[in-house]
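Asks: here are the coordinates; sequence isn't available:
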């Protein structure tokens, strides 16, 4: 039975985010336990965590897709999304953060800030998501709270404020000191359900006083009342401190730091208190802005209020084996009831809402309506994709769209049997529908099916899902790097396409300019004046350019970072057609592209290796042999950390080589950094392999 609906000021929409293996899913499991949503704790390492619903998640002990749950704490309604930590599934973090009001950033206390911590932190910065930081695993061998705080300072933010201290660390970790109350909290009985406050040990008193003074000093920079009391040496109430921390956390001027151990059942209740005390409610986040679908220069806004017209965003699509396709939706304004008709302003189609479900990980609770500020899953939507807006039919609004990263790796697949052939296309379509960072297409040269994603693990999971969920068996080729092409100069191109066969002919004449743009993959600017090309043929020029960009010119890789500007041309009253202008554009584009000093780009990865110091020389030598550029070297606890940039093409098989070179004692993480120019000798080899020197010359002549 659903609990009584809470007012918006008592609603929290939060995410749990961190580097892989920092304890996100374990933390969420404890939240479910302590809030009464479940009566037994299942562990990730046993493959039984409730938030890991996919078989691959249970087997690997990692989170692959973001999972949603709902719980209640101290009179507050908390919607939680547990996000993946592996960089291959970073899109899950991105689309979750976009709809959340706040987040808990977890650190492994023996590692501090790790590479994916930095990535998700930047993603949260992008969407202005307020955060609290929890230094987890304080009972782990090598745990170091103070090193973790230093890594926060040096690697992600200087706006931190310590609000809790651990009482001892690693295997001696027992309790937590709250610097607001200056009390020590211990956890007892079964699974740490009972929380006791005690006087802190005498040997911690001076350290706690120092950190409390530093905390108040930092907060007083933002709060005049607190600053006056602090400078006057007056007693400052706990309520005033909490109010100041909350105010400046909501505005991303402070990030409170807590500590504990989710696996050890120490901290979760205090973390939930901090979520309620410091993270924003939907009212704190204010109105959602959008545009009029018919006039995108007209700015509209929707307040987080039930009385406003409906505005919502579909942020995730998932297939449930029992109920079908689920569309996860964040409602920003208005009330949506089961059976309501909504408008999708992108497709201009009406969508009928079927059932409304509150999600508890892999369980569901049907509800009659969903209110502003909440998250739930819709059943019955047909044409709504990730990041589509759903709104009131009579008062439409188009909320901000989301851009998704381009895949950096691809492999060829082929079905093992005719039956698999028939099922494969449907299965790939469903997987791409769920995951915007996954793409598939048919290579026109080889007629092979190519699947593309964010990394080797991403594609490995896709292939596993084809087999398990869709009963499709496939053979796979070797992973291939997703190279790109671009230009380095501005150039003009021209082509007159003219054909005359017995009846009506074909005529299209296009002059266009190509410029390099850094911040967009493709931009189209119509500079034709005086009616030299009729307006009805301009979309055909745009389409012809897009198709050329998709297939490439230099070595048949997709083209990025170009602006296409048609500026002149001519037409024939009878013979001109869309197809004629598309062909003329294709030829003119190629003409300009080959004049603009084209180059091939390759994905460069940020690589971080953590290794025992004995193997640093071997690790750095191996990375250098892979065209790696060492960025810096540092110490983390008893280990050395090497950070560098390495072309993705050189990283295949690296995990095996690293284990061999370090006797299985080193680990690494990798994520996409940027596209960079391929060295000329390697580019020539790539071009020769792709199209052959003869074809390149023929293209120049064309």
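Replies: Thanks, I have the structure now. Small disclaimer: the values here were computed from a predicted structure and weren't measured.
Asks: and the longest strand for the protein?
Replies: Ranked by residue count, the top strand of the chain under DSSP state E comes out as strand 599-612.
Asks: partners of it in the sheet?
Replies: strand 484-486 (antiparallel), strand 639-647 (antiparallel), strand 667-677 (antiparallel) (DSSP bridges).
Asks: Name the next helix or strand downstream of the second one, please.
Replies: Going down the chain from strand 639-647, the next helix or strand is helix 654-662, by DSSP states H and E.
Asks: For that next one, give the mean pLDDT please.
Replies: Averaging pLDDT along helix 654-662 gives 84.
Asks: now swap in stretch 563-573 and tell me
Replies: 95.
Asks: from the middle of its chain, how far away would it be?
Replies: Centroid separation between stretch 563-573 and its chain, computed with C-alpha atoms, centre = their mean, to the nearest Å, is 39 Å.
Asks: any idea which element the residue nearest the centre of the chain lies in?
Replies: Taking C-alpha atoms, centre = their mean, the centroid of the chain lies closest to residue 94, which sits 2.5 Å from it. For residue 94, the host element (DSSP H and E) is helix 90-97.
Asks: Other residues contacting that helix?
Replies: 15, 17, 64-66, 81, 83-84, 103, 116, 119-120, 123-124, 126-127, 129, 315-316, 386-387, 402, 404-405, 435-437, 454, 671 (C-beta atoms under 8 Å, 6 or more residues apart in numbering). To be clear about C-beta, it is placed using only N, CA and C from the backbone, and glycine gets the same treatment.
Asks: Mark which of those are buried, thanks.
Replies: The neighbour-count test (16 or more other C-beta atoms under 10 Å) marks 15, 17, 64-66, 81, 83-84, 103, 116, 119-120, 123-124, 129, 315-316, 386-387, 402, 404, 435-437, 454, 671 as buried among the contacts of helix 90-97.
Asks: among these, which are in helices?
Replies: 116, 119-120, 123-124 (DSSP state H).
Asks: Could you point out which of the residues you listed is nearest to residue 659?
Replies: Checking those against residue 659 by C-beta to C-beta gives residue 116 as the nearest, at 20.4 Å.
Asks: Phi and psi next, for the nearest residue to the closest one once chain neighbours are set aside.
Replies: Once flanking residues are discounted, residue 116 sits nearest to residue 19: 4.0 Å by C-beta to C-beta, 6 or more residues apart in numbering. Note on residue 19: backbone dihedrals following degrees, to the nearest 10 are phi -70, psi 160.
Asks: what's the neighbour count on residue 19?
Replies: Each residue near residue 19 was counted by other C-beta atoms under 10 Å, and the total is 25.
Asks: The nearest residue to residue 75 once chain neighbours are set aside: how many residues sit nearby?
Replies: In space, and not counting its chain neighbours, residue 75 is closest to residue 10: 6.1 Å by C-beta to C-beta, 6+ apart. Neighbours of residue 10 under the rule other C-beta under 10 Å: 16.
Asks: What separation do you get for residue 10 and residue 646?
Replies: According to C-beta to C-beta, to the nearest Å, residue 10 stands 48 Å off from residue 646.
Asks: thinking again about what came up before, return the set of buried residues in the helix holding residue 94.
Replies: 90-97.
Asks: which ones are touching residue 18?
Replies: If you count contacts by C-beta under 8 Å, 6+ apart, then residue 18 has 24, 85, 105-108, 116-117, 120, 136 around it.
Asks: Try it again at 7 Å.
Replies: Contact analysis of residue 18 by C-beta atoms under 7 Å, 6 or more residues apart in numbering lists 24, 85, 105-107, 117, 120.
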